[in-house]
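Chemist: Quick one, structure for this:
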Amino acid sequence: MLNFSFKKLKFFRAVLAISFAFTLIIGSGVNASSATTRFVMPANHKAHEYIPIEKQPIYENLITQQEDAEKSLILEATYAAPSATETFVDFYAHLTSVYDHLIPYYTDPSIYKTGGAFWSSKDKENFKKYGEILKDASLALDTSNIIESIRPQVAAHRAIQLKEIFDYIFKHATEPISLEDSGHAIGQIQSDPKSGVVEFPQSPLVLSSHRTPQSAPESTSKTGEKEGLYLFTTETVDFIPGLYNLIKQDIPTTSGVRESRFYTPGFYKLITETPGHLIAPKWYLNLPANIKSIADIAFGENTLIQILLAIVFTLVYLIFTTLIAAPFLKTYKRILDSDSDEYTSKLWVSLQDREAWIRLFLAIIFVTATSITLSQGIIEYANITGSPLLVFTETFNFIYYLGLSFTSFILFELIGRISCDLIVSISPNRSSADLKWISGSIMPASRLVGIAFSTYYIYQLLISFGLPSSTILAFSAVPGLAIGLGASKMLSNLIAGLVIQTDRPIRIGDFVDIGGTNGFVSQVGLRSIKLETMSSLITLPNSKADESNINNYMLNEKDSNGNTCRVYLINLSSSQQLIHSHEHIYKIADELKALLSSEPLIKRYVLIAKPAVIDAPAKFVCKIFTTATNWVEHDAIVTNYNNLFAALEVKYPGREPGPEKILMLQPSS
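Modeler: Below is the predicted model of the structure:
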């Protein structure tokens, strides 16, 4: 472990006091960049008393670790280790290795001024490898306090800042920093084996084994027992920006001479103040000096060129989104005429599928474009940092997760449509009526699953905003209370809709009587049922339909084309019921039978004619079994029947029933 020996107790107390002061300044939100205090040793220590890193006992361990890193360029266990020493040495040495490989691309003209305006594929592979090392090194930081949506970027930046803070500590060390085999101490501040807390000397930087990084497995000792992995605590991670601001004025630029092979002067400035993640684009490095000086003008935490690139990517994204929005909305505006050949033909099925496929395809393109614009454009290429990074990330994540939510709903709606078409296609006879009937059963279930997945992505959106899952679950009780108090009717309709979908007392295309309302069922949804009556389209809540008597006139009988029959009773008005002779009644019945036999949509019928009895009107009862599927066909049959009956009553005249005669019985005198 690192060992820092203090000669005097007073000096030890002074160091703790300085560390505590730094903690208060940073924790209270004071602007560290404006503070006059510097992150240095006490004033009574002169420059000649500083011990260079090459003379530190820790130096040999750093050399060994860096040589291993140079051989493989693969970070092994850099995220955390069973001892604080291993975690620190891995972290420090590997970040030095990344810097050593990147700095020539910035400073050597023979590299960036040859081979065109873009980096070669071999260079890109190397950059990717260095990026993986930096990403793994950042796992040595407990970043659980950082918002999840910007955690990877911020973690990498703070890892580089921490590396430069350690450089500053080594440059101003006044006592030897050595490693101990015990693995429980850095300096003379002994770590508690039970708590696993190790403090880095003369700073508020702390390593702890109490927590493990989110993606790191626990280490297993030789005895087979699991050990805690050391990493820099959340408090340390929070201190890093403030500490860096205190020392950044004293950090030399890359143009200066490196005082040690492990120092990385200007590392953070190099990474964050140029476009391009980890390495600047080649065309940017080849810009003339006067243009580059303008491009590097600082605006807050970013440069002019970074801001301009972020704006360009955003504008391109908005234009692209506008272009795909028009065909997407068009898929919902297309309405097919139910009487057209296109609607009734077999192509109707594939036509509806095509519209659904187009919607899904455009939605996937939109979500992909949103993700690429943020990750590859604004974050990777423009390399936006600081507060603008948070704004861009949260805005695009909001759009991205809403897009995923909507896309998942569209996906399961498409799956429902395909399932319906599949069932219809394997049946011997396909028709639009069959498709409507099957859709009424399958589509609500598909949409329910789509809503469930949409809710999941809304949950992920809230998680990306930094809300803990426990808070989200607590807030989810509020909508439940609102449903219970103010939306009980909606809930009852949804439950009734599920019952109707399960029991299936009615289906799309059925002719029914629900609570005294006759009509054709055109839609069975999760909230309501739509009936096509003779004069209008009536929407009945599912709860009302579930509580009412439902008379379904549909039968299991089918004609040769597979059309389902329904039964309908044609009732005559009271004015049409006259008193006829037996002869006229039989003639009227024969002509009505001839009409009913000629109707193509009537598969069979029952006509009963009851002669008049004692001045009572004749009774004509007509029950038809028809394959009519809408009110146009239905009304034509009923109208033809009534018109013919009226004409027959003129042809075979009858008389209206007179007043009832009362027979008075008088006693004999």
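
Chemist: Enumerate every residue touching I271.
Modeler: Contacts for I271 were tallied using C-beta atoms under 8 Å, 6 or more residues apart in numbering; they are H157, I160, L278. Placement of C-beta: from N, CA and C, glycine included.

Chemist: now for the one helix or strand L308 maps to, which elements pack on it?
Modeler: L308 is part of helix 304-333, with elements assigned from DSSP states H and E. Packing partners of helix 304-333 (3 or more C-beta pairs under 8 Å, 6 or more residues apart in numbering; DSSP states H and E): helix 289-295, helix 347-372, helix 386-425.

Chemist: and the ones you listed, which one is worst for confidence?
Modeler: Sorting the helices and strands packed on helix 304-333 by mean pLDDT places helix 347-372 lowest, at a mean of 81.

Chemist: For it, buried residues please.
Modeler: 348-349, 352, 355-357, 359-360, 362-363, 366-367, 369-371 (16 or more other C-beta atoms under 10 Å).

Chemist: How far off centre is it?
Modeler: Chain-centre distance of helix 347-372: 17 Å, with C-alpha atoms, centre = their mean, to the nearest Å.

Chemist: Likewise for stretch 504-516?
Modeler: In terms of C-alpha atoms, centre = their mean, the centre of stretch 504-516 is found 38 Å from the chain centre.

Chemist: Ends of it, what's the gap?
Modeler: Counting by C-alpha to C-alpha, to the nearest Å, you get 19 Å between the two ends of stretch 504-516.

Chemist: where's E132 relative to L231, distance?
Modeler: Computed with C-beta to C-beta, to the nearest Å, the distance linking E132 and L231 is 18 Å.

Chemist: more crowded one of these two?
Modeler: Neighbours per residue (other C-beta atoms under 10 Å) separate E132 from L231, with L231 holding more: 28 against 14.

Chemist: Now do the domain split for this structure, please.
Modeler: 3-286, 302-475, 511-554, 564-651 (automatic domain parsing).

Chemist: need these in a markdown table with distance to L498, can you?
Modeler: Below are these laid out as a markdown table (distance: least, C-beta to C-beta, whole Å):
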| stretch | distance to L498 |
| --- | --- |
| domain 3-286 | 36 |
| domain 302-475 | 8 |
| domain 511-554 | 7 |
| domain 564-651 | 25 |
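
Chemist: Of all those domains, which one is nearest A295?
Modeler: domain 302-475 (3.8 Å; C-beta to C-beta).

Chemist: Kindly present the helices and strands packed on helix 304-333 as CSV, with separate columns for distance to Q523.
Modeler: Converted to CSV, those look like this (distance: least, C-beta to C-beta, whole Å):
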stretch, distance to Q523
helix 289-295, 60
helix 347-372, 15
helix 386-425, 14
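
Chemist: closest to G497 out of the domains of the chain?
Modeler: domain 511-554 (4.2 Å).

Chemist: Over to L595. Which of the three states is it?
Modeler: What DSSP: H, G, I helix; E, B strand; the rest coil gives for L595 is helix.

Chemist: tell me what the host helix or strand of A646 is packed against?
Modeler: Using DSSP H and E, A646 sits within helix 631-651. Helices and strands touching helix 631-651, by 3+ C-beta pairs under 8 Å, 6+ apart, are strand 517-524, strand 564-570, helix 582-598, strand 619-626.

Chemist: out of those, nearest to L494?
Modeler: Closest among the helices and strands packed on helix 631-651, using C-beta to C-beta: strand 517-524, at 13.0 Å.

Chemist: quick check: mean pLDDT across that closest one?
Modeler: 82.

Chemist: Kindly report the same for stretch 56-69.
Modeler: For stretch 56-69, mean pLDDT rounds to 69.

Chemist: likewise stretch 88-107?
Modeler: 87.

Chemist: what about it, distance to the chain center?
Modeler: On C-alpha atoms, centre = their mean, the centre of stretch 88-107 falls 37 Å from that of its chain.

Chemist: Output it as PDB - backbone C-alpha positions only.
Modeler: Extracted in PDB, the C-alpha atoms of stretch 88-107 (Å, rounded to 0.1, in the frame of the first residue of the first chain):
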ATOM      1  CA  PHE A  88      -4.700   3.300  -7.600                       C
ATOM      2  CA  VAL A  89      -1.700   1.900  -9.500                       C
ATOM      3  CA  ASP A  90      -3.900   0.400 -12.200                       C
ATOM      4  CA  PHE A  91      -5.800   3.700 -12.600                       C
ATOM      5  CA  TYR A  92      -2.800   5.900 -12.600                       C
ATOM      6  CA  ALA A  93      -0.600   3.800 -14.900                       C
ATOM      7  CA  HIS A  94      -3.200   3.000 -17.500                       C
ATOM      8  CA  LEU A  95      -4.400   6.600 -17.900                       C
ATOM      9  CA  THR A  96      -0.700   7.600 -18.400                       C
ATOM     10  CA  SER A  97      -0.500   5.000 -21.100                       C
ATOM     11  CA  VAL A  98      -3.600   6.400 -22.800                       C
ATOM     12  CA  TYR A  99      -2.000   9.900 -22.800                       C
ATOM     13  CA  ASP A 100       1.300   8.600 -24.100                       C
ATOM     14  CA  HIS A 101      -0.500   7.100 -27.100                       C
ATOM     15  CA  LEU A 102      -2.700  10.100 -27.800                       C
ATOM     16  CA  ILE A 103      -0.300  13.000 -27.500                       C
ATOM     17  CA  PRO A 104       1.600  12.300 -30.700                       C
ATOM     18  CA  TYR A 105      -1.600  12.600 -32.800                       C
ATOM     19  CA  TYR A 106      -1.900  16.200 -31.500                       C
ATOM     20  CA  THR A 107       1.800  17.300 -31.500                       C
END
